[in-house]
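> Can you look at this prediction? I've put the sequence above it.
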Amino acid sequence: MRRSSTAIVGVGSAAVLVAGWLAGSARFTTDLPVAPATQLPIAEKTPPPTDAGTSPLPTPTEAAPVVVAFNGPVIETKYGSVQVQVVLTDGAITDAIALTLTDSSETSVEVSARAAPILREEVLAAQSAGVSNVTGATYTTQAYLSSVQSALDAAGFMG
Amino acid sequence: MSVNTFESMGTVISIRLAPDVDTEAPDAARAIAPAHALADIRRVFDDLDRRFSLYDPASELSLIADGSLPLSGSSPEMRGAYADALGWRERTNGAFTPHRPDGVLDLSGLVKSVAIERAGRVLERHGHRVFSINAGGDILTGGVPRESAWITGITDAGDRTGLLTQVTLSPGWPAVATSGSAERGNHIWLRPDTDRSFRQATVIAESIVTADVLATAIIAGGQTTLDHVTDRFPVAVLVQLAGGALLANPAFRALIVRRPDGRQSLDLTTEPSHDDAAPSPVPESPERPA
Amino acid sequence: MIRTNRVGVDPVAHVAEPARRFLWRQRRADALEGLSWFSFAVVLALFLADGGWTYFTNIRDLATGTGIVAGLIGSNLLLVMLLLAARLPVVDRAIGYDRALAAHRRLGKPVLYLILAHLMLLLIGYGLALGRDPVAQAIAMITTMPDLPQAFIALAILVLVVLTSLVIVRHKLPYLGWYGVHLLTYAAVLLALPHQFGQGELFAVGTWARWYWLTLYVGTLAAVLGYRFLIPLARNLRHQLRVAEVRAEAPGVVSVVMTGHHLDKLAAHGGQFFGWRFWSPGLHLEAHPYSLSEAPNGQSLRITVRQLGDGSHRLLSVRPGARVFFEGPYGLFTAAARTTGHTVLIGAGIGITPIRALLEDIDTPSGGLTVILRGDDEEHLYLRREVEEICGRIGARLEVLVGLPPHQGRTWLPSAEFAAGQTISTLAPDIPDVDLFICGPKPWAELVVRDARAAGVPRHRIHAERFDW
């Protein structure tokens, strides 16, 4: 290639790469801080395991400046109705809290019902307990034969 | 108590019946001979399989898939199932879909939980109040066995022969379904910080169809769908991540069997207010063998 | 980079035309090459935009990230490779079919290495993440992941294709066997597709990257399908080429004249070649590249062939009336490739025949036209009479060099001329300000090129037809 063509291609490629880089970092730095791969992203968003049922909604910011909170109208969305409380600090929106969130069947939604990390030790039960059925990712006829369920069935085990 | 198994829909269906039949039911006489009920159940599975199987090239769904039968000209049952599937797609924000990635309409997976649901009704009609139906790992229970409980093991996606935990199914939480990217190894090609490394999702719900659909949706949609599901549906969820770590919501924690004697420690106050509008069909696409 | 300080030295007015054509061609070649490089930047940008850099933030994922990049670059390069061999007219006009194929061949090994690196690095990366050794990881991938068995088969095919291509260079494999294996490349490309779309996060459903990548593949495969299969088919149906005459030119050398419909509409020029497939017993399985030995006259096409390898000797047995399937025309070895008004044509042995065809298309003898024919003996000066007749008619200088080269000294000249101190400059006095067309056996042609370069002919004005595939 001639030098001018090389320059054009070089600049163009660099521009595309920089754009890609910017798009990538914008996407992954705003909501997900670079975390060690082993850290579960969910740990950031959910209450600690011990705090099961009653994780409180974030409370309005307590600060010296003038804080005003007011409730917005109930908005019907495709997936249910939403009401938002907006918190203004010195006239600027500093927080928006979902007050009510209902699904289409009018069941109100508890954000605290979300799944949180749980230790294996917490879920371990004595393996001798009377298991009658086993659930797992679907097993086929063939896989059934080597499944725990197969053994339970063969023993006629009722639990 | 009896254990019966038969093959259908490419898997094994195992049914447990407790002897405590409600003698006041009009069908009590027939319940003495569960053979009738079992034959009826078998018919339920085989009929649905015949209609919705993509393995059988002559099934109605296969005809639709290969284009020789327009969906508009299909049976009301097919269209109903499709409509229900679309309803679920809406409710799961698109995480559950009745289409395979290649665009083929695939209702075969979801039909299994529909069959389980119908089988449950068949048993009740025959006077069986205490039963469990396990079709390829998706389970619906009825009632509570007199001497024990419906203790259900959840397999460890990392070790298929081991149990991760045990939960108690009861009339409040009668159905459980598990969906997995299991051997799919969805960790492949994923970014280190991605949250889509869900290996297996177990959902316990009031309806087997709900459980099945939501388990499938969580695997397909990852963290976003998991949050959506736990926010909006009265379900208990356990998710196993690719690395083996576990996520569970409070409802699930309450269902875990705690004591070694097998007695449940179920806190009935967590029983959800059930959504009666839960539609009927739609489970997962065909899973690969474990 | 082609740079010359000697452009425009020729005073002849009509030189401007070839020079402009040359500039256009160079621009087009640059645009194509630039586009190829750019495509690599795009795919890397897509990777970055998808957060690809997060792979490189810790040691464990380093191998995975590098492996994915290797796969992306390798696949992109493979597509470039396919396009180079797809007989795209735009590529042929810009850099010529022979150079495109040469580039195609050069890319074979890098593609293979990149794809192998892709596999190895991912096995290591995933193995590290899951605590497995690479072998166990490979087994786990093949046995448990959808789309992966196909991808492994695709890689195996790729290895096979590159291996057979290395062997064919040494003529140890029959052409047909190599060709069959080569066609498997398309199967490999298709087999490797599902895992890119199914297992990769980058090309997940609903992403722009997916559409881009899909378009790239569909476009490439459509180009291959169109230009390698459909368009040749349509042209053959239109022109209905048949053998009209088979004439012995010398022992073991025949001219085959073909006629057909609408040959005046076939945009072919002297010096170009076609892939020919004669519908005759034992011949129709192989397509052979032969240059025209006569500029197309709208009525007939002629090739002159010397018996050499697999099928060419059977050409002697081709009978008039036999159907001919052709692909082409290809090649930049035409009068249009000139950049000045002076032209020197040098042909040796059977290489004289394209020179003969090209000669008819050279329309500017006024600027100086020298033709040099070379043969080990008189018998090897194929089509000499025809060349003499044309040179006489248009007033071109003709030099005929006959005799074996000297035992000592590497030269393209016969021993007598070599001993007499003849050089390319003495034979063609207007050197170096000429366009030089060379056609003959590769080692011989390389010697001519060497001398021409030494005499000051810039590289871009040396047009050597390559007969080495």
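In hand now; what should we look at?
> Could you check which residue of chain A lies nearest chain B?
residue A:137 (2.9 Å; C-beta to the nearest C-beta). All C-beta spots, glycine's among them, are computed from the backbone N, C-alpha and C.
> now that residue, what's its secondary structure?
Per DSSP: H, G, I helix; E, B strand; the rest coil, the secondary structure class of residue A:137 is coil.
> ok, what's across the strand from the closest residue in space to it that isn't next to it in sequence?
Counting by C-beta to C-beta, 6 or more residues apart in numbering or on different chains, residue B:180 is the residue found nearest to residue A:137 once chain neighbours are left out, at 2.9 Å. Bridge pairing for residue B:180 (DSSP bridges) gives the partners residue B:200.
> Against residue B:137, how distant is residue B:180?
To residue B:137, residue B:180 is 9 Å away according to C-beta to C-beta, to the nearest Å.
> Looking at the two, which one has more neighbours?
Taking other C-beta atoms under 10 Å in any protein chain shown, residue B:180 and residue B:137 do not tie; residue B:137 has more neighbours (29 against 26).
> That one reaches residue A:135, doesn't it?
Yes. Counting by C-beta atoms under 8 Å, residue B:137 does reach residue A:135; the two are 5.0 Å apart.
> Quickly list what's touching both of those two.
B:155, B:177-178 (C-beta atoms under 8 Å, 6 or more residues apart in numbering or on different chains).
> Out of those, flag the one nearest to residue B:203.
residue B:177 (5.8 Å; C-beta to C-beta).
> Am I right that that closest one sits in a strand?
Yes. Assessed with three-state DSSP, residue B:177 lies in a strand.
> What is the burial count for it?
Residue B:177 has 33 neighbouring residues, counting by other C-beta under 10 Å.
> Repeat that for residue C:221.
17.
> In terms of secondary structure, what does the host helix or strand of it contact?
Residue C:221 is part of helix C:208-224, with elements assigned from DSSP states H and E. On a contact count with 3 or more C-beta pairs under 8 Å, 6 or more residues apart in numbering or on different chains; DSSP states H and E, helix C:208-224 meets helix C:16-49, helix C:59-84, helix C:175-198.
> Measure how it sits relative to helix C:16-49, angle-wise.
140 degrees (axes from the mean of the first three to the mean of the last three C-alpha atoms, to 10 degrees).
> Run the angle between the longest helix anywhere in chain A and helix C:16-49 for me.
Longest helix in chain A by number of residues (criterion: DSSP state H): helix A:3-30. Relative orientation of helix A:3-30 and helix C:16-49, computed by the same axes, to 10 degrees: 10 degrees.
> Helix A:3-30 and chain C in contact?
Yes. Applying C-beta under 8 Å from any C-beta of the partner chain, one finds helix A:3-30 in contact with chain C at A:3, A:5-6, A:8-9, A:12-14, A:16-17, A:19-21, A:23-25, A:27-28.
> Return the distance of the residue of chain A closest to chain B relative to residue B:219.
Residue A:137 is 9 Å from residue B:219, by C-beta to C-beta.
> What of residue C:256?
65 Å.
> Between those two, tell me which one has more neighbours.
Between residue C:256 and residue B:219, counting by other C-beta under 10 Å, residue B:219 is the more crowded of the two (28 against 24).
> residues contacting that one?
If you count contacts by C-beta under 8 Å, 6+ apart, then residue B:219 has B:179-181, B:198, B:200-201, B:284 around it.
> Can you tell me which of these are buried?
In these, burial by neighbour count holds for B:179-181, B:198, B:200-201, B:284, counting by 16 or more other C-beta atoms under 10 Å in any protein chain shown.
> least trustworthy helix or strand in chain A by mean pLDDT?
Lowest by mean pLDDT, DSSP states H and E among the helices and strands of chain A is helix A:42-45, with a mean of 31.
> pretty sure residue C:87 is in a helix, no?
No. Using three-state DSSP, the assignment for residue C:87 is coil, not a helix.
> and it, what does it touch?
C:97, C:227-228, C:327, C:330.
> There's contact between residue C:68 and residue C:122 in this structure, I believe.
Yes. With contact defined as C-beta under 8 Å, residue C:68 reaches residue C:122; the gap is 7.3 Å.
> Run a quick neighbour tally on residue C:298.
10.
> Assign a three-state SS to it, would you?
Once three-state DSSP is applied, residue C:298 turns out coil.
> List the contacts of it.
C:263-264.
> quick one: it from chain A, how far?
38 Å (C-beta to the nearest C-beta, to the nearest Å).
> ditto for residue C:97
19 Å.
> Neighbours of residue C:236, how many?
Residue C:236: 17 neighbours (other C-beta under 10 Å).
> Quick check: buried residues in the helix or strand that contains it?
Element membership for residue C:236 (DSSP H and E) is helix C:231-239. Within helix C:231-239, the residues that count as buried by 16+ other C-beta under 10 Å are C:232, C:235-236, C:239.
> Considering these, which is situated nearest to residue B:7?
residue C:232 (54.0 Å).
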